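Engineer: sequence plus predicted model, see below.
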2 protein chains.
Amino acid sequence: MSHGDVDPEVVMTSPHRINGDAGSRSRWQTFWKLQSWQSSMLLLVGVAVCVLVPGCSATDTDIALDAKATLNHRIQSLDLLVFVFLLALTVLTIWLFKHHRVSWLHETGLAVIYGLIVGAIIRYAGTSATLVHIQVEPQGVPTYSDKLPPDTLWFRYPVNQTNGTKAPDVITYAYVFRGQVHDVDENEIDLKATFDPEVFFNIILPPIIFYAGYSLKKKYFFRNLGAILTFAIVGTTLSAFLIGGFMYGCVKLMPKYLSSSFTFLDSLYFGALISPTDPLTILAIFNDLRVDVNLYALVLGESVLNDAVAIVLSGAIQNYGEHYSSTGDFETTAFLRSLSDFFSIFFLSLMIGAAMGCLTALMTKFTRVRDFPLLESALFVLMSYSTFLLAEATELTGVVAVLFCGICQAHYTYNNLSEDSRQRTKQIFELLNFLAENFIFSYIGVSMFTFPKHHFDAGFIITAFICAAIGRAVNVYPLSWLLNIKRKPKISTNFQHMLFFAGLRGAMSFALAIRNTVSDERQTMLTATSLIVIFTVVIQGGAANFLLNWLKIPVGVDDETEQLNNYQVHSVYNSMDNSHPQTSDGYLQDVEGGGVNRNKMRLSGGTDTNLDTPVDGPNGSLGGASGGRRRNSHEKAILARIWGNFDTKYMKPLLTHSRPTLLETLPVCCNPIARLLTTTQQLTQDGSEFRRVDSDSDICIDNDTGNGLSQDGTGAAPGVGRRNSLSRSVHLNEANHLANELSLVTNNFM
Amino acid sequence: MSHGDVDPEVVMTSPHRINGDAGSRSRWQTFWKLQSWQSSMLLLVGVAVCVLVPGCSATDTDIALDAKATLNHRIQSLDLLVFVFLLALTVLTIWLFKHHRVSWLHETGLAVIYGLIVGAIIRYAGTSATLVHIQVEPQGVPTYSDKLPPDTLWFRYPVNQTNGTKAPDVITYAYVFRGQVHDVDENEIDLKATFDPEVFFNIILPPIIFYAGYSLKKKYFFRNLGAILTFAIVGTTLSAFLIGGFMYGCVKLMPKYLSSSFTFLDSLYFGALISPTDPLTILAIFNDLRVDVNLYALVLGESVLNDAVAIVLSGAIQNYGEHYSSTGDFETTAFLRSLSDFFSIFFLSLMIGAAMGCLTALMTKFTRVRDFPLLESALFVLMSYSTFLLAEATELTGVVAVLFCGICQAHYTYNNLSEDSRQRTKQIFELLNFLAENFIFSYIGVSMFTFPKHHFDAGFIITAFICAAIGRAVNVYPLSWLLNIKRKPKISTNFQHMLFFAGLRGAMSFALAIRNTVSDERQTMLTATSLIVIFTVVIQGGAANFLLNWLKIPVGVDDETEQLNNYQVHSVYNSMDNSHPQTSDGYLQDVEGGGVNRNKMRLSGGTDTNLDTPVDGPNGSLGGASGGRRRNSHEKAILARIWGNFDTKYMKPLLTHSRPTLLETLPVCCNPIARLLTTTQQLTQDGSEFRRVDSDSDICIDNDTGNGLSQDGTGAAPGVGRRNSLSRSVHLNEANHLANELSLVTNNFM
């Protein structure tokens, strides 16, 4: 996903140039070879295409400008090259660590450390790169008095021609608006290997967030929807305000200058940006943990969603400061406006994301584009990317839209895709996610040394570390306590400690911190955030495995096959238990569907998590484990149940090829519309052999989800049981279809 | 592959703003809703988050600037969104066309047509977007006399504060250097949905060219290496100079103003940019044609390589004009310099590409990173991208480097990759190629209406069309005649007509034309090139199928299985025929390897071409056909033979796990080094079962290549026979290894 804002902005020019003496392209090259850090890299590369230029043709200025443009291009290429090499090195080292089973350093930690090393080299190996600037004023009209500064300045530049021939004496150059100069005294801009912060929001974060949504274990996610939403929104907001308040209090107690200019809004913004935890690292750690599958989904879902909440929250806080409040203190109307901003932007973004996901599902359902997997994958990628652009174009938050688009794509579109496209889209986004994730962590390391706007303040940093820990504690312990009231398998104290410890900060915090570095306060925040990210990722991420042992949390994944067997026995038992009216149907289904197709699903779904688990055991066994430990708790996930019901009855039949069809679930009066929205494939289920087997597996995915709710009991047995019996007794004829189907499938396997 | 230069440059501001009256963000929004074409899109989208802003906080300028930045971001997002939607629409229509077997419009033609329609809508639906500019002069120092214009201008801007509070009275804004203003009188810059031309060279072309190299049928490519290189370099250069000369003559005869300013270099540049043909379209057309497999490889290889030649050639011509020649007329020294430029840049780029490809091969050979396919794929992508950056950073041509990197990756690295990575890398680059290809063709259509620097000149355009046809004819007919002297199966006249007709112009021509649009001549060239591309892609591409029928060129792919059977019989026959000394070995190999592993290769290699052939028949049957039609011609592809020998004896053993090992091919004195460079896997060939089967397939790929040369006879039977017997008699002990291997494999299949 590439966007229009990439502009590395690394412009390196010579401070000597101000002398104004004539020079040629070769002089530039000489300068460049002697002074720039990049030059040492290039010399190392050893390929130099030196073209000696005689100083006799065209104007010298043209040649010098041309050389300068070439140089800029080379330096930009070189900067990117440094990062690409850094990533390649990280990849090789990750392999080495995995190969030798080194567990004390996580891969993101590795990227950060390499970044720090390279950043230090860049910082201290080269010289400073400065931009030459001059003060200008409007020509003729000294009092330019428009509301806005002009978009371009035209600068008439007198050419000193060494051999005046045909070129005009004055050349006009265009200069485009860049931004405000905040520190007029700071006469050199020191930009080394830094990227425009907007790059993170437009290029790096979208694939990460989309992949998080796309690979979310949808079954467990939707079952815990209510809890996840509450914890993500309430928890993150709570944490943000608590950190903000505490920070504000602490900073005000500091004797330094910071206390005067540091507003409550600033500290609130800091609270919002430091609250979200990094989903990928938690995923990696929890994959090693044999935690309760619902807890896993809860924490994973929360850490994915709190990224979305944090970005909207920080936007609302910024808006409050810039537009609504004139004083920076608390104002009720301004606060309410920001609150409505927060909710409207969040839910409109959610809606756009979901709508685009559903649109893709409709496209893949009602066309036979699946016959051409390449076209199908292209459509999938284009639609997902356009979600981001659409949200950005309508002043919503693209990252949030992309997250919910990813969730919908996984929940609906994925079922319509051809096998080839499923694999391809998973693999592509997995790779993009991996590269983006490692790039951002490398960059965090590099930018500690190269980003010019760091501001170290020991007091603030220490306070920030304490506050971040407190914020995490506020998230984990009270919410675990609340959870333990409702949950049957309590979250043990050791688990809570582990959860607290797993609260690493990552990409989102850094991206939010580096977005705005105008003032000293913001720069201090960036420095603190960078250090917190580096510390949590390297130290906490590395120590996680030791802590797992120390807290005696079981890390056994060796009993996978046993659990799998348990699971299948139980699922047959459950389906018989829950679907009395159609015992034969349910039985057939689970023996055939569970035995054959569920295993197929297991294989095809295996790419979900092989990012972090080369041996794709843990998740499978987690599902098995929870299926094995049947619980009869009557947890009331009302929201999840309502949604699940609606989803199975209307959304899935509309958006996928699943049964029951809309003809069966909609009232009779809507039959014409329902017929229109039901494919013949859905109705007849007899196409070519390929389609038959495949659509059967679609059904099983659906049934798996439906039965899954009742299977491991957590998802409220009576309600779901009612739903199941309701929906099934309504469409008894479905059983015939299924029976036909399954006998056909059985014949195929005979 | 994303690069730092993306800058859509679409800045839309109001011409009213010069009036200087105060306004707020909402005024901006109103303006934007009323006047911009993008607004109609947004209204269509129907989501409007209107936030009413009270005009009482901060400074009005800050708010207006903020709103403007937001607006720019929205417009940029919207511009990209238009293209993404356009691509999605194209994908859906391509599916529809494929579904209904519409053959009169090729998919790239479809992209162009949609682009034209959307371009026309953008052009005529919206109003003009202008940039506000003012003339400035240095403050205080009226005579700025440096050699180069400064990098930034600092503009002190007086703030008209409505309620003067804390902000300073003067704000300094930074303006960065953009470029020369060529037409000072042209007081509005009309930029609508246009991208920086460098985007094409840094983002769009690299994946297309890399994929062309990566998916090149390497066996046939390397066999025809000498011929392909000669035709690509000599043919393209010839065509460029002929077109250039003819154009120059024609333009000089024109009565218009163009004749005075149009130099010979300009016309030569035009010749260079219009000479390369589009590989993808030829591939698509030739896949439907049952052409001789060597001819197929020749034309495909040439059309891939002539892109590389054209970009270097045009660069050399530009250098000649800018640096070497003062007059623009012919100068011997300048010409020789350009010539050495051309060759040195081409071959250094080639070397960098090949070196990086080989480095990746070494990395994947000597590490066990293949155990983690995600890491392996990431490494592959990173190394390939760094090739481009490395070439660009060293002032070479990244596109050329990437092409040869792709060829080496396919030839060596691909053999070392795990099955997962093979599929993943193929699929990723296939998708990237598809998206990039369609994007560029859409953009060609859109830019016909939106790009501000078109210059229509009917005479020039007609001449250009005629010249392009002549250039193609010069490429096809004389070279076919030359080929027919040496070839046993003559290229029939109908085939030659078809080849001539298949000379579509594509992405590279357009990218080269839009790169430089400074002068009127260059703008005229761009217009002519765009029209030629559109015409050839839409009309010629669409008519190709009709012409195939009309020329009675057989388009039968239905006899695939028959050919396949023939092929296997013949290949066994051939291998017995050519490898007398080790009949048992050769026999075993071809029965087992050919029967089992060759089919496996067929499957794994199937992704090569499923971009254009959903049913991967044609290529397979082509190979079969040429294997079937055994020819005993003594064509002397000396270069190919020398290279093939070197490749099999040194390069493949060094870079892949293939046999013979370097221990066997290098002189005895080099044994320590050879041992170091030979993996235990290569030596013992007994690891886990997976590895054994896999390395066996590696061997068979190798053997397939070796035997392939002698199998279908075209590749010079005596020479290759000598090589085979030579290399085999040298390492007789290899036969034992193979026999062991194959018995193991056979056991596995029992």
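Structural biologist: Looks like it came in fine.

Engineer: any idea how far A:M351 is from A:A401?
Structural biologist: 9 Å (Cβ to Cβ, to the nearest Å). C-beta here means a position set from N, CA and C on the backbone, and glycine is covered the same way.

Engineer: and the two? Which one has more around it.
Structural biologist: More crowded of A:A401 and A:M351, by other Cβ atoms under 10 Å in any protein chain shown: A:A401, with 32 against 15.

Engineer: residue ranges of each domain in chain A, please.
Structural biologist: A:1-140+A:148-193, A:198-550, A:560-749 (automatic domain parsing).

Engineer: ranking those by mean pLDDT, which is last?
Structural biologist: Within the domains of chain A, confidence is poorest for domain A:560-749, with a mean of 47 (mean pLDDT).

Engineer: and the strands in chain A?
Structural biologist: For chain A, the strands defined by DSSP state E occupy A:133-138, A:152-158, A:170-180.

Engineer: and the first one with strand B:152-158, angle?
Structural biologist: Here strand A:133-138 runs at 40 degrees with respect to strand B:152-158, directions being taken by axes from the mean of the first three to the mean of the last three Cα atoms, to 10 degrees.

Engineer: now for strand A:133-138, which elements pack on it?
Structural biologist: On a contact count with 3 or more Cβ pairs under 8 Å, 6 or more residues apart in numbering or on different chains; DSSP states H and E, strand A:133-138 meets strand B:133-138, strand B:152-158.

Engineer: which of the residues in stretch A:369-387 are buried?
Structural biologist: By neighbour count with 16 or more other Cβ atoms under 10 Å in any protein chain shown, stretch A:369-387 contains the buried residues A:369-370, A:372-387.

Engineer: quick one: A:L205 and A:S509 touch, right?
Structural biologist: No: contact criterion Cβ atoms under 8 Å: A:L205 and A:S509 do not qualify, at 11.6 Å.

Engineer: these two: who's more crowded?
Structural biologist: Set A:L205 next to A:S509 and count neighbours by other Cβ under 10 Å: A:S509 wins out with 28 against 25.

Engineer: contacting residues for that one?
Structural biologist: Going by Cβ atoms under 8 Å, 6 or more residues apart in numbering or on different chains, A:S509 touches A:L273, A:I274, A:P276, A:A310, A:T529, A:I532, A:V533.

Engineer: so how far is chain B from the closest residue to the fifth one other than its chain neighbours?
Structural biologist: The spatial neighbour of A:T529 that comes closest, neighbours along the chain excluded (Cβ to Cβ, 6 or more residues apart in numbering or on different chains), is A:A513 at 3.9 Å. As defined by Cβ to the nearest Cβ, to the nearest Å, A:A513 lies at a distance of 19 Å from chain B.

Engineer: the closest residue in space to A:E376 that isn't next to it in sequence: neighbour count?
Structural biologist: Leaving aside its chain neighbours, A:E376 sits nearest to A:S421 (4.4 Å; criterion: Cβ to Cβ, 6+ apart). When counting by other Cβ under 10 Å, one arrives at 25 neighbours for A:S421.

Engineer: do the same with A:T333
Structural biologist: 10.

Engineer: repeat that for A:P150.
Structural biologist: Other residues close to A:P150 by other Cβ under 10 Å number 25.

Engineer: isn't A:K365 up against A:K652?
Structural biologist: No: counting by Cβ under 8 Å, A:K365 stays clear of A:K652, with 10.6 Å between them.

Engineer: give me the more crowded residue out of these two.
Structural biologist: Under the criterion of other Cβ under 10 Å, the comparison of A:K365 against A:K652 puts A:K652 first, with 26 against 23.

Engineer: state the distance from the more buried one to A:L662.
Structural biologist: From A:K652 to A:L662 the distance is 10 Å (Cβ to Cβ).

Engineer: again with A:Q523
Structural biologist: For A:Q523, the distance to A:L662 - Cβ to Cβ - is 56 Å.

Engineer: the stretch 251-400 of chain A: helices as residue ranges?
Structural biologist: For the stretch 251-400 of chain A, the helices defined by DSSP state H, counting those that start in this stretch cover A:258-261, A:264-274, A:279-288, A:293-319, A:332-366, A:373-393, A:398-408.

Engineer: which of those helices sits most buried?
Structural biologist: Comparing the helices of the stretch 251-400 of chain A by mean neighbour count (mean count of other Cβ atoms under 10 Å in any protein chain shown), helix A:398-408 comes out on top with a mean of 29.

Engineer: hmm, who's touching that one?
Structural biologist: So helix A:398-408 is contacted by A:201-202, A:205-206, A:209-214, A:216, A:218, A:221, A:304-305, A:307-308, A:311-312, A:345-346, A:349-350, A:352-354, A:356-358, A:360-361, A:384, A:387-392, B:77 (Cβ under 8 Å, 6+ apart).

Engineer: how long is stretch A:397-415 end to end?
Structural biologist: Stretch A:397-415 has its terminal residues 27 Å apart, counting by Cα to Cα, to the nearest Å.

Engineer: gap between the residue in the stretch 151-300 of chain A that chain B sits nearest to and A:F155?
Structural biologist: Going by Cβ to the nearest Cβ, chain B is nearest to A:Y175 of the stretch 151-300 of chain A, at 3.7 Å. Distance, A:Y175 to A:F155, by Cβ to Cβ: 6 Å.

Engineer: do A:V82 as well
Structural biologist: Taking Cβ to Cβ, one finds A:V82 at 33 Å from A:F155.

Engineer: ditto for A:L417
Structural biologist: On the measure of Cβ to Cβ, A:L417 and A:F155 end up 55 Å apart.

Engineer: with A:I352 instead?
Structural biologist: 43 Å.

Engineer: now do A:A378
Structural biologist: Look at A:A378 and A:F155: by Cβ to Cβ, they are 45 Å apart.

Engineer: repeat that for A:G315.
Structural biologist: 37 Å.

Engineer: isn't A:A212 up against A:L305?
Structural biologist: No: between A:A212 and A:L305 there is no contact under Cβ under 8 Å: 9.3 Å.

Engineer: one step back: what's the closest of the strands of chain A to B:T463?
Structural biologist: strand A:170-180 (32.9 Å; Cβ to Cβ).

Engineer: check contacts around A:T413.
Structural biologist: A:G357, A:T360, A:A361, A:T364, A:F380, A:L655.

Engineer: what about the nearest residue to it once chain neighbours are set aside, distance to A:E430?
Structural biologist: Using Cβ to Cβ, 6+ apart and skipping the chain neighbours, the partner closest in space to A:T413 is A:A361 (4.4 Å). Distance, A:A361 to A:E430, by Cβ to Cβ: 21 Å.

Engineer: again, but for A:I352
Structural biologist: A:I352 is 24 Å from A:E430, by Cβ to Cβ.

Engineer: same deal with A:S421?
Structural biologist: Per Cβ to Cβ, A:S421 is found 14 Å from A:E430.

Engineer: please apply the same query to A:G321.
Structural biologist: 39 Å.

Engineer: ok, those two, which is more surrounded?
Structural biologist: The neighbour count for A:G321 versus A:E430, taken as other Cβ under 10 Å, is higher for A:E430 (24 against 20).

Engineer: the more buried one contacts B:L375, correct?
Structural biologist: No: when contacts are counted by Cβ under 8 Å, A:E430 is not listed as touching B:L375 (11.4 Å).

Engineer: and A:F456, what is it in contact with?
Structural biologist: A:T524, A:T527.

Engineer: cool, A:A468 as well?
Structural biologist: Residues in contact with A:A468 (Cβ under 8 Å, 6+ apart) are A:I243, A:I274, A:R505, A:I532, A:T536.

Engineer: what about the last one, how many neighbours?
Structural biologist: Residue neighbour count, defined by other Cβ under 10 Å, stands at 25 for A:T536.

Engineer: likewise the first one?
Structural biologist: The criterion is other Cβ under 10 Å. On that basis, A:I243 has 28 neighbouring residues.
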